[in-house]
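Trainee: Quick one, structure for this:
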Amino acid sequence: MKITLHKYIFKEIWPTFFTCLVVFVFIVLAARMMNILEWVLNRGVNPVLVLKMILYLLPRILLFALPAASLMAVFLAFLRLSGDNEILAIKSSGISLYQMLPPVLVLSLVVFLVAVFMGVLGAPWGNRSFKDLVFKIAQSKADLGLKERVFCEPFDKITFYINSLSPKDGMMKDIFLVDRREKSATNTIVARKGRILLHPAARIITIRFREGTIFSVGEGFDAVRTIGFDTYNINIGLDDIMASISSRERSPDEMFVGELLGRMRKMSKGGTDYNEMVIALMEKLAIPLAAFLMGIIGAPLGAQIQARGRFLGIIISLIIFFLYYICLAGVRSIGESGTLPPQLGPWIPVAFLLFSCGYLLHRAANERPFAVLERITLRITQVAGDR
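Mentor: Numbering: from 1, shown residues only. Just a heads-up that it's a prediction; the model follows:
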């Protein structure tokens, strides 16, 4: 009897889980793809490289989507069982809510293990590979995007014009460059010669000018300066190459556990950078635990709501999910500033989920309805009915 029941609940949960996971991944990936597609359409980047970018983005996106997918899958499954009075029939045969949980625990455990793998290995590898690939693309575009006696813009807000370019040593002669990256001023550089230098380790492209003049014009033409130079460098980092891609050094989300620990040993405690490292280290386990607990929370929530339709379940699941991530982002920000111990911050949302999980399971198992949840359910149902 119980084995048959577990198989039945199992089949109810897993299709919804995979559907929700695909939808969440698609939504997050679509938002990130806007900048990438701009490169394909306007700069001629090979579509194969775009597929690589998507591959590198997937681990981080999965880490974000797993908690939401597990919560929504379990919640919708038990909501459907409750709406069709199947849970009432199961309980009347002597099977408690706790005895219905093994399929939920299996799902939550699988999600936990996958999230641990993504947080410890997958996401750092993906983030690092993604930024390295962006730099390689920028490197190739720096070489291929420059043409003699043609105005071109190989990088955002930087316009180039060169009279001649040597294919052997990359020496440029008679250079005209307009740098519009700073809002407060526009810098126009005229130089006799120059060269592009690449720094892959630091992910910086340096343009070195020789024998030239800088014309700096302030915003609104309120200030104009002229500066002569023998040698002048401008650096182009990933933040100048592609919007929302940051950092000339490896950020904490690109580091494996050993790298984080090694970097932390060399840093003084209490600083913002140190706190960021600690938070990144704690989140590698805290986020998978949150995903595990969210899957379990979905069972008592869905079992207690006497309503039909998936719309209600989706809305409530999204509300819980976004509240969790707002809380996570809040404690992360406070922890980075040092107001809250960074070792403690990432565990606060987990502690809240753990308490909620025990509380909700106890009330649902003892047939004690959630008054607040009933009011929220009624309100959502009324809004949906009005539309």
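
Trainee: Can you spell out which helices and strands pack onto the helix or strand hosting H6?
Mentor: Using DSSP states H and E, H6 falls within helix 2-43. Using 3 or more Cβ pairs under 8 Å, 6 or more residues apart in numbering; DSSP states H and E as the contact test, the elements touching helix 2-43 are helix 47-83, helix 102-117. All C-beta atoms are positioned from the backbone trio N, CA, C, and that covers glycine.

Trainee: Tell me what angle it forms with helix 47-83.
Mentor: Put simply, helix 2-43 runs at 150 degrees to helix 47-83, going by axes from the mean of the first three to the mean of the last three Cα atoms, to 10 degrees.

Trainee: Return the most buried member of the helices and strands packed on helix 2-43.
Mentor: Highest mean neighbour count among the helices and strands packed on helix 2-43 (mean count of other Cβ atoms under 10 Å): helix 47-83, with a mean of 22.

Trainee: quick one: it to chain centroid distance?
Mentor: 12 Å (Cα atoms, centre = their mean, to the nearest Å).

Trainee: K193 should be in a strand, yeah?
Mentor: Yes: counting by DSSP: H, G, I helix; E, B strand; the rest coil, one finds K193 located in a strand.

Trainee: which residues does it form a beta bridge with?
Mentor: K173, R210 (DSSP bridges).

Trainee: and if you look at V217?
Mentor: Taking DSSP bridges as the rule, V217 bridges to T186, V224.

Trainee: What about it, how many residues nearby?
Mentor: For V217, the neighbour count with other Cβ atoms under 10 Å is 14.

Trainee: if we can go back for a sec, can you tell which of the helices and strands packed on helix 2-43 is closest to L177?
Mentor: L177 sits nearest to helix 47-83 of all the helices and strands packed on helix 2-43, at 26.6 Å, using Cβ to Cβ.

Trainee: Following element in sequence after the closest one, please.
Mentor: helix 86-92.

Trainee: which helices and strands does that next one pack with?
Mentor: Where contact means 3+ Cβ pairs under 8 Å, 6+ apart, helix 86-92 is packed against helix 47-83.

Trainee: quick one, the helix it packs on and helix 102-117 angle?
Mentor: Calculated by the same axes, to 10 degrees, helix 47-83 forms an angle of 160 degrees with helix 102-117.

Trainee: pLDDT on helix 47-83, on average?
Mentor: In this model, helix 47-83 has an average pLDDT of 87.

Trainee: what does stretch 367-382 give?
Mentor: The pLDDT scores in stretch 367-382 average 59.
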